[in-house]
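**Student:** One predicted model, sequence on top.
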Amino acid sequence: MRIVIVGASRFGIATAEQLGEAGHEVVLVDADGEKLERLAETLDCGMLEGDGSLPSVQRDAYGDGADALLALTNVDDVNILAALVGRSVGFPRVVPQIVRRQLLAVCEELGLENLITPHATVARAIVRSLEEGRSSALDLRTHSGFDVLGYRVGAEQDGCTVGELKLPAGARAIAVTREEENILLTETTRLAEGDTLIAAVSPDAQEEMAARFPTERGR
């Protein structure tokens, strides 16, 4: 397959590496030309400097044909726009990365059915792993009736340990996503502003959790 990736984010770079190792042709698009030059030393794929949300740039990347466009920048809005433009350019499949849960309904309204929701995927994998192995150590139930949600850690929680958060009875912290790193939590794990705290939360506790954290992220 020939895949165009918009965004030389960590996720975009890792995806390009994996696709390349699997034998697919990859074109990586990013507005930062210097970054692409550095990546060209270690990453074996096509590089295209430009705003990946612009039709002209996407047409250059599309060339004589491509199988899919992945929008993997760190900005949800840019990813949605790039996906819509990609659809108009003619990509058979467009797949944006969406982190903010609030935008999932917007994507549905726009007909963007194929989405990458990294924090949701990580959360489900963590819960599945814990349930199959060490669930009793964390006193986790089957999660029937629970939602696995991600919450953005704000300035007021910066430097706090998980134990100091004193989450409501219906919420259980599971892990934290920090950039590309996923960390299973203990009571003494310290959080940093900008982290995404992944937790299993009952419906009764969701309002309180939303009030404590500035931005709720997708499941």
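**Tutor:** Now that the structure is in, tell me what you want to look at.

**Student:** isn't there a helix covering residue 26?
**Tutor:** No - per DSSP: H, G, I helix; E, B strand; the rest coil, residue 26 lies outside any helix segment and is strand.

**Student:** Isn't it up against residue 3?
**Tutor:** Yes - using Cβ atoms under 8 Å, residue 26 is in contact with residue 3, at 5.3 Å. (Glycine included, C-beta is placed from N, CA and C.)

**Student:** May I have the longest strand anywhere in the chain exported as PDB, CA atoms only?
**Tutor:** The longest strand of the chain (DSSP state E) is strand 171-178. Provided in PDB are the C-alpha atoms of strand 171-178 (Å, rounded to 0.1, in the frame of the first residue of the first chain):
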ATOM      1  CA  ALA A 171     -13.300   6.400  40.300                       C
ATOM      2  CA  ARG A 172     -10.100   4.300  40.100                       C
ATOM      3  CA  ALA A 173      -6.900   5.700  38.500                       C
ATOM      4  CA  ILE A 174      -5.300   3.100  36.200                       C
ATOM      5  CA  ALA A 175      -2.500   4.700  34.200                       C
ATOM      6  CA  VAL A 176      -1.200   8.000  32.900                       C
ATOM      7  CA  THR A 177      -0.200   8.800  29.400                       C
ATOM      8  CA  ARG A 178       2.800  11.200  29.200                       C
END
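
**Student:** which helices and strands sit right next to that strand?
**Tutor:** Secondary-structure packing of strand 171-178 (3 or more Cβ pairs under 8 Å, 6 or more residues apart in numbering; DSSP states H and E): helix 118-132, strand 181-184, strand 196-201, helix 203-212.

**Student:** Do me a favour and average the pLDDT over it.
**Tutor:** Averaging pLDDT along strand 171-178 yields 82.

**Student:** What angle do strand 196-201 and that strand make with each other?
**Tutor:** Following axes from the mean of the first three to the mean of the last three Cα atoms, to 10 degrees, one obtains 160 degrees for the angle between strand 171-178 and strand 196-201.

**Student:** got the buried residues for strand 171-178?
**Tutor:** Going by neighbour count (16 or more other Cβ atoms under 10 Å), the buried part of strand 171-178 is 171-177.

**Student:** Tell me which strands it pairs with, and in which orientation.
**Tutor:** strand 181-184 (antiparallel), strand 196-201 (antiparallel) (DSSP bridges).

**Student:** hang on, the earlier thing: reformat the buried residues of strand 171-178 as a markdown table; add distance to residue 86.
**Tutor:** Formatted as a markdown table, those follow (distance: Cβ to Cβ, whole Å):
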| residue | distance to residue 86 |
| --- | --- |
| 171 | 38 |
| 172 | 39 |
| 173 | 37 |
| 174 | 34 |
| 175 | 32 |
| 176 | 32 |
| 177 | 26 |
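
**Student:** That'll do, ta.
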